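K.L.:
this is a predicted model, with the sequence first.
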Amino acid sequence: MISLGIEQLILSPPQWLSGQRLGLLCNQASTDSKLQHSRDLLLKAFPDRLTCLFTPQHGFFSEKQDNMIESAHTLDAATGLPIYSLYSRARRPTIEMFDLFDVLVIDLFDVGTRVYTFLYTMAYCLEAAVKFNKKVLVLDRPNPVGGELVEGNIIQEDCYSFVGLYPIPMRHGLTFGELALLLNNHFNIGADLEIIPMQGWQRHMLYHDTELPWVFPSPNMPSPATALVYPGQVLWEGTNISEGRGTCLPFELFGSPFLEPDEILRKIEKNADLPGCLLRPLIFEPTSNKWAGQACKGFQIHITAPAAFRPYRTSLALLQAVMLLYPEAFAYKKPPYEYEYERLPMDLILGDRQVRQALEQGESVLDLENSWQNDLQAFEKLRQEVFLYN
């Protein structure tokens, strides 16, 4: 049985927390195993000490869609506490916000993929904690795609953005607490940071192994299956191909009116080994976002062997097939994307212009994978230094 960081904090609060005013960075997925929200648990355990709430992208109730859809500062109807959005006109907290507390408690559900912005909101909070002399306490949660495998290229500095601020691969294999340690210790933020680890979580566990309830952390992350495909399927955000937004299966579905599934299958069968999944051709009609109201031909990704499935490799192979088969119809999304107004969104998502160029030139995805193995081995050594779980 797994005990989450929030549950461990309530069970055995550290003595140094006595008398401290608390802020809480959270959203609706910040619950314990009985679906009690962390805000309510802190209010009960530390009466009159919780002074304010902060939310990442998508808002407190994970209600805001897509990128660059901001949420406003507001009051929490349940408690009367102020809620400060860290995905509004500014994404960095201010001294006025940090003056309200002594310790910032961070309890966010991450999905194990480099481009998920919650990680960078945490980074900005760690930087602010240094600047404003505050302590940070991260309550750890499972990585829903496991803690053993890493996948993808290391992001290059010229592609740093709010979907990638540090040199990590697309699938990083770390929990949120371990990520906090990585940022703080190895990338030299230097905040006064402590982690409350989980009890019972093991690195091999995917989310379905935890037996914990799933609460969607963002509106297009409705299930653990979505999280498993997301480290690859997020690539479609940088294109004119629908990533399934506006359907009930975002990221599991993808397509457009101009795709021909049989052609794509023939193309990828020649060029890539894609274990652990089945690509089922279908037609879907998004109700919003790209190609809304139009019939899109594409696929649903069915994961048949999660341990063997390689989401980034799979989506890179599919992306390359679409690029090469439909050069006149396929297009990259134009800026802006996550508050970057000049650089190509696809480069920010991939994290390396050379990866995009290699795909365009028809270089084998497996050869690309081989080219970044030395970087991944170096990252593997780095991440093992922050492991909280064997």
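P.N.:
Thanks, I have the structure now.
K.L.:
a strand runs through Leu9, doesn't it?
P.N.:
No: remark: Leu9 does not belong to a strand; assigned using DSSP: H, G, I helix; E, B strand; the rest coil, it is helix.
K.L.:
shouldn't Phe109 be in contact with Leu25?
P.N.:
No: here Phe109 does not reach Leu25: they are 11.6 Å apart, not a contact under Cβ atoms under 8 Å. All C-beta atoms are positioned from the backbone trio N, CA, C, and that covers glycine.
K.L.:
what's the burial count for the closest residue in space to Ala307 that isn't next to it in sequence?
P.N.:
By the measure of Cβ to Cβ, 6 or more residues apart in numbering, the closest residue to Ala307 outside its immediate chain neighbours is Gly276, 7.2 Å from it. As a burial measure, Gly276 scores 16 neighbours (other Cβ atoms under 10 Å).
K.L.:
touching, Gly276 and His302? I think so.
P.N.:
No: the pair Gly276 / His302 is not scored as a contact, 9.9 Å apart, by Cβ under 8 Å.
K.L.:
which residues are contacting the helix or strand harbouring Leu319?
P.N.:
Following DSSP states H and E, one finds Leu319 within helix 311-325. Contacts with helix 311-325, where a contact means Cβ atoms under 8 Å, 6 or more residues apart in numbering, come from 145, 151-152, 170-171, 228-236, 239, 241, 254, 259-260, 263-264, 267-268, 271-272, 274, 277, 279, 299, 301, 330, 359-360, 362, 365-366, 368-369.
K.L.:
helices - which of those residues land there?
P.N.:
228-233, 263-264, 267-268, 271, 359-360, 365-366, 368-369 (DSSP state H).
K.L.:
next, the spatially most central residue of the chain: secondary structure please.
P.N.:
The residue lying closest to the centre of the chain (Cα atoms, centre = their mean) is Tyr116, at 2.7 Å. The three-state label given to Tyr116 by three-state DSSP is coil.
K.L.:
again with the one 10 residues further on
P.N.:
Leu126 carries the three-state label helix when classified by three-state DSSP.
K.L.:
wait, it sits on Glu194?
P.N.:
No: between Leu126 and Glu194 there is no contact under Cβ under 8 Å: 12.0 Å.
K.L.:
chain center to stretch 132-151, what's the gap?
P.N.:
11 Å (Cα atoms, centre = their mean, to the nearest Å).
K.L.:
quick one: mean pLDDT over that stretch.
P.N.:
Stretch 132-151 shows a mean pLDDT of 98.
K.L.:
stretch 30-37 now?
P.N.:
pLDDT averaged over stretch 30-37 gives 98.
K.L.:
and that stretch, what's buried?
P.N.:
Neighbour-count burial for stretch 30-37, counted by 16 or more other Cβ atoms under 10 Å, picks out 30-32, 37.
K.L.:
picking that back up, how about the nearest residue to the residue nearest to the centre of the chain, chain neighbours excluded?
P.N.:
In space, and not counting its chain neighbours, Tyr116 is closest to Asp110: 6.2 Å by Cβ to Cβ, 6+ apart.
K.L.:
state the distance from that neighbour to Ser30.
P.N.:
For Asp110, the distance to Ser30 equals 11 Å [Cβ to Cβ, to the nearest Å].
K.L.:
what do you get for Ile95?
P.N.:
Ile95 is 25 Å from Ser30, by Cβ to Cβ.
K.L.:
contacts for the worst-scoring helix or strand of the chain on mean pLDDT next, please.
P.N.:
Within the chain, no helix or strand scores below helix 261-271, which has a mean of 91 by mean pLDDT, DSSP states H and E. Residues outside helix 261-271 that contact it (Cβ under 8 Å, 6+ apart): 255, 274, 279, 281-282, 297-299, 317-318, 320-322, 324-325, 364-365.
K.L.:
which of those are buried?
P.N.:
Buried, going by 16+ other Cβ under 10 Å: 255, 274, 279, 297-299, 317-318, 320-322, 325, 365, out of these.
K.L.:
show me where pLDDT drops low in this protein?
P.N.:
Within the chain, no range satisfies pLDDT under 70.
K.L.:
okay, now the domains of it?
P.N.:
Per automatic domain parsing, the structural domains of the chain span 5-218, 224-371.
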